Structures are given as C-alpha cells and as structure tokens.
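**Q** model this:
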Amino acid sequence: MASAFPESQVVPKLESPQRLPPPVPPDDIAGEIPVTEYGRRLRLPAAIPGAEAAQIRLPPHDADPEFKNHIIDRLFPNLPRMWPLKLPKPTAERPAMTLNGLQDLALQYNPQLIQARANVQSMAGDAIQAGTHPNPMFGYESDTVGSSLNRDYQGLYFSQNIITANKLGLARRVANVDLMNAELTLRKTRLQVLAQVKAAYFAVLVAQENVLVSDALVRFMEQVFQIQRSRIKNEAAAFEPAQLRGLADLARAQLILAQNSYVAAWKTLAARLGLAQMPPAALRGSANMPVPVVTYEAAQRRMLSIHPDILIGRNMQSRARYALKLEQVRPIPDVFLYGTFQKDFTAPGAHTTSYNTQVGVPIPIFNRNRGNIISAQGDLGQAEQQLRRAQMELTEQLANTFSQYETNRFQLQMYVDHVLPDYARAYRGVYERHTNEPERVGFEDVILVQQNLASMVTLYIAALNGQWSAVADLTYLMQVEDFDELGRVGGGQQLPAPEPVPPPRAEPRQPPARQGGPR
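**A** Next comes the predicted model:
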C-alpha cells in the first residue's frame, strides 16, 4: 500500500547516508594526558563508547596561523546538513482542516462507530424477535393406514404452543434493556472516538511545535558551535567546541525524534479517522491556544450523572430483575394445542367427517429450572454492584486525568511565563560574561546553562502534550463534544491569553578587565 507521506518526508536523514567517522587528529597534535595518580584513577573505562578517542592538542599559540586554522578546520568540520521535514501548508485546493471537520470524518469512517451502529440494529432485531409468539403448524395427516386391511382416515391437522405467564413480555423487556444499553454504548463510543480524534489532533499540533522548536534549537546550537570554533583560533581551549559540537549533535538527534514523532502523530490521527492512507494536511489551530478551566467538583458531578457507564449500570439492575423473573416463571407449563379434521374412509359408503383434539401441558417434576434461577439470582447480585463499580472506576479515571490536567496546565503556564524567559536571559547573560570576563565565568557555566535551556524546552513540549491529552480525556469523561461546552459545564472560566512579559531593563555594561589569552 502506498504511504500517506512522500518518501522525502518519511524519515529525515543527514545529507550523507553513511555514518561520518570522527575526525582523527594528526599525530603531531594528538597525544595522551601524562599518566599521574589522578590520571589513572580518572581514566575513562574502555567499555564507555568514545573512551578510545585521542586527546586533542592544538598547535602552539604562536604557530603559523594558516597551518593552525587548517588543523582546526580538520578537527572541527562543518556539521553535515539535515533535510528538513516539510510541514504541510494550506492551499486553495486543500485548505487547513479544522477539528470539527476531522471529527465529522471520524463519525463517517471510524470502524468502531460503524460496528456500534450495527450492534444497535442487531439488538433492535433481537428485541423484536424476543416477544414474538411461535408460529402455528399446519399439515396433512393420515391415520390407521393398513390397519386390518381397512381403509384409513385422511385429513388436515394444526398445532400451536401457547406461551403462558407473560414469558414473552419478560423476554422482550430483557431484550429492550439490551437495546438501550447498545444505544448507550453507541453514544459512549461516539464520544470516545471524538476524544481520541481530539487527542490525536493536538498531538499533531504539538508535534509541529516540537519540530519548529527543535529546528530552532539546532540552528542555535550550530551557531554557538561555529562561534566557539572561530574563537579557538584565538584564545579558546580545544575542548570547548568539542563540547558544543556534542550538544549540537544532541539537538540534531532531538530534531530527528521530533520529525519522526510528527509523522507518527499524523498517521495515528489518520488511523483514528478510519482513513489510514489519508495524506498529511495543514491543521487549523495552535498548540498554544487557551485551555478551558475545569473544576474537579463540576467534572465529577456531570460525569456521574450522564456517563453511559453509569446509565448502563442502572439498566443492568433492571435487566437482571426481568431475567430473574423470567427464569422463575419458566417452570409454569406452556399449553400445547392440537387438532385434526379427517374424512373417514374405513367403511364403504360412510365418508363421514371426524375430528381429534389434544390439549397438553408439561408437568414440571424433574426440571423446575432451579439451576437457571440460581444463576439469575447471582447475575442480579452482580448487577446491583455494577453501578457502584462504574462509579468507582470512573472516579479513579477522573482523579488521574484531573491530576494530569492540573499539573501540566500549571507547569505549562510557568514555563511560558517564567522558566523559558528566565533561562533565555540567563544564557545570554552567562555567555556575554564568559566572553567579556572569562576569568570569572568559565566555559563550563556556558555549557551548563545551554544544557538547562534545552532541557527546559523539552519539558515544555512534554507539558504541552500532557495538557492537551488530559483535556481530550476530560471531554470523554464529562461526555462533551467540543471545548466550548467543556468550558461552560466545567465550572471554570476560559484562560485569558497570557500577557507579554516586559523585557528586563538593560544594565550598563562593564568593560572587561582584560582579555584572556590562550587557555
């Protein structure tokens, strides 16, 4: 089958299809650290990947600049180019798809919903059939054939079973409860599918955001690496660009993960629509849109009042009572009625008409349906606890979902308002002070704050994904179809758009005491 993604978008790759070998420093600038007591104790174990890499030693500071730059370029070549993932953009022929449009597709093509609708039809047929009387039987009958060489009786007969004790009515009531539960299951499946589509829709939006953020981090890390590579030609140490190149490679690996996550998120969305081969399209919306506020009390109150599992639990009690009553009246005999009308051909010239009738009932001596009655009593005992069980399970789901919702919503607000802006300011400040005052702010401080900034971005994306996943789960538990309704019945208010954080007041720059030399 053809893939939903063009080949150039399935797995983003580096420019070169083969793994690039690490640069090998020339013999005249590579060597081992002198073996000392601390050197032996701090030597990297050979089992650690990369431990066999040779120590980098640059030419002396006063070496020929052309030779020195040539060696540095060999040790720290440009990073290979990456193929970007082309995110779909809206066009006149194919505009951006809305969440409502995606949900309409799921309502039409999702196989779970199609099965649930067919199950309602099946239960409706069972309910009709359960209360139908048995058909009468008509036929031909010949009696006393060959008896004493006489002629026989020829005629017609009919028979009918007459169901007593309202057994058909009770069976119809049991089947009608099954039909009502099938309709509730259809409603539950509908909202469950819509919640899955919502979760997949926002997963795609978050994946898009992750691709854009990861791509920006890659470009940022590469720029910092290029700056530090140029600095070692003057005063920086050789290990500094090596560390930054490692961070740049980690950022590129994160971008590959983000791109593949987007591909997987779209395929998941297409599968939940029931259109697994649907090609990627632009989506209208943003992962950073405001989130409706929901209180736990309002969510629990609505969930326990209208959730299909609660209503099915109540219906199961009625069904079990009807089923028990039906098993209790089954030993009451049904009436069997039989009659025949015949022509008498046994005597010459008689040709009289005769009839026979039979009325009978089975006598419940051996089979009094005791086992089925006991089983139905056990089913009633289970059904009486079904409602409580549904309440407990739904409450547990709501507690976990609401915890995820509140945690990620709070964390995301903190990341957007404080954490990410603060780490961005911290990085700029640390790098600037390291450039101007290297004797006070070491390069390890730059590495640390850069790693922290990248980690905070990763946590921000995780919180964004967790928040929308929890919101989608809340729509299912609270049985709502759209986010506007979720905000109305959730007992809270819509989150206002965050106000922009004013930039900090610029501090007067102090001239550096002195520029550091080779380190």
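
**Q** where in the stretch 101-250 of the chain is pLDDT low?
**A** 146-151, 231-241 (pLDDT under 70).

**Q** And the strands in it?
**A** Using DSSP state E, counting those that start in this stretch, the strands found in the stretch 101-250 of the chain span residues 137-143, 153-162.

**Q** which of those strands is buried the deepest?
**A** The highest mean neighbour count among the strands of the stretch 101-250 of the chain, using mean count of other C-beta atoms under 10 Å, belongs to strand 153-162: a mean of 15. Just so you know, the C-beta spots here come from the backbone N, C-alpha and C atoms, and that holds for glycine as well.

**Q** How far off centre is that one?
**A** Average the C-alpha atoms of strand 153-162, do the same for its chain, and the two points are 63 Å apart (C-alpha atoms, centre = their mean, to the nearest Å).

**Q** What strands flank it, and is each parallel or antiparallel?
**A** The sheet places strand 153-162 alongside strand 137-143 (antiparallel), strand 335-344 (antiparallel), with pairing taken from DSSP bridges.

**Q** pull the CA atoms of the last one into CSV?
**A** Taking only C-alpha atoms (Å, rounded to 0.1, in the frame of the first residue of the first chain), the coordinates of strand 335-344 have been written out as CSV:
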residue,chain,number,x,y,z
VAL,A,335,-50.1,-25.1,26.7
PHE,A,336,-49.9,-27.4,23.7
LEU,A,337,-52.9,-27.4,21.5
TYR,A,338,-53.5,-29.9,18.7
GLY,A,339,-56.5,-30.6,16.4
THR,A,340,-57.2,-32.6,13.2
PHE,A,341,-60.2,-32.8,10.8
GLN,A,342,-60.4,-36.1,8.8
LYS,A,343,-62.6,-37.9,6.3
ASP,A,344,-63.5,-41.5,7.4
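
**Q** which residues are in contact with the next helix or strand after it?
**A** Toward the C-terminal end, the helix or strand that comes next after strand 335-344 (DSSP states H and E) is strand 353-360. With C-beta atoms under 8 Å, 6 or more residues apart in numbering as the test, strand 353-360 has contacts from 153, 155, 335-344.

**Q** One more: stretch 387-401?
**A** Applying C-beta under 8 Å, 6+ apart, the set of residues contacting stretch 387-401 is 296, 299-300, 303-304, 307, 309-310, 312-314, 316-317, 470, 473-474, 477.

**Q** Can you point out the buried residues in it?
**A** Buried residues in stretch 387-401, defined by neighbour count with 16 or more other C-beta atoms under 10 Å: 387, 390-391, 394, 398, 401.

**Q** what's the average pLDDT for stretch 337-355?
**A** This predicted structure assigns stretch 337-355 an average pLDDT of 79.

**Q** mind checking the end-to-end distance for that stretch?
**A** Looking at stretch 337-355, the gap from its leading to its trailing residue is 14 Å under the measure C-alpha to C-alpha, to the nearest Å.

**Q** which stretches of the stretch 301-450 of the chain have low pLDDT?
**A** For the stretch 301-450 of the chain, applying pLDDT under 70 flags the ranges 347-351.

**Q** burial measure for the closest residue to residue 489 other than its chain neighbours, as a count.
**A** What sits nearest to residue 489 in space, not counting adjacent residues and going by C-beta to C-beta, 6 or more residues apart in numbering, is residue 302, at 5.6 Å. Here the neighbour count serves as a burial measure; for residue 302 (other C-beta atoms under 10 Å) it reads 19.

**Q** How about the contacts made by the residue nearest to residue 166 when sequence neighbours are not counted?
**A** Here the nearest residue to residue 166 in space, its sequence neighbours aside, is residue 329; by C-beta to C-beta, 6+ apart that works out to 7.1 Å. The neighbourhood of residue 329, defined by C-beta under 8 Å, 6+ apart, consists of 165-167, 170.

**Q** Pull out the buried residues from these.
**A** If you count burial by 16+ other C-beta under 10 Å, the buried members of the contacts of residue 329 come out as 165, 167, 170.

**Q** I'd like the contacts of strand 353-360 as JSON lines, with distance to residue 86 appended.
**A** JSON lines is the format used below for the contacts of strand 353-360 (distance: C-beta to C-beta, whole Å):
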{"residue": "153", "distance to residue 86": "91"}
{"residue": "155", "distance to residue 86": "86"}
{"residue": "335", "distance to residue 86": "78"}
{"residue": "336", "distance to residue 86": "77"}
{"residue": "337", "distance to residue 86": "79"}
{"residue": "338", "distance to residue 86": "81"}
{"residue": "339", "distance to residue 86": "83"}
{"residue": "340", "distance to residue 86": "84"}
{"residue": "341", "distance to residue 86": "86"}
{"residue": "342", "distance to residue 86": "89"}
{"residue": "343", "distance to residue 86": "91"}
{"residue": "344", "distance to residue 86": "95"}
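
**Q** Can you select the buried ones from the residues you listed in PyMOL?
**A** In PyMOL, the members of those classed as buried (16+ other C-beta under 10 Å) are selected with the following command:
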select buried, resi 153+155+340+342+344
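
**Q** Among the contacts of strand 353-360, which one sits closest to residue 416?
**A** residue 335 (78.0 Å; C-beta to C-beta).

**Q** just checking, the closest one touches residue 164?
**A** Yes. With contact defined as C-beta atoms under 8 Å, residue 335 reaches residue 164; the gap is 6.4 Å.
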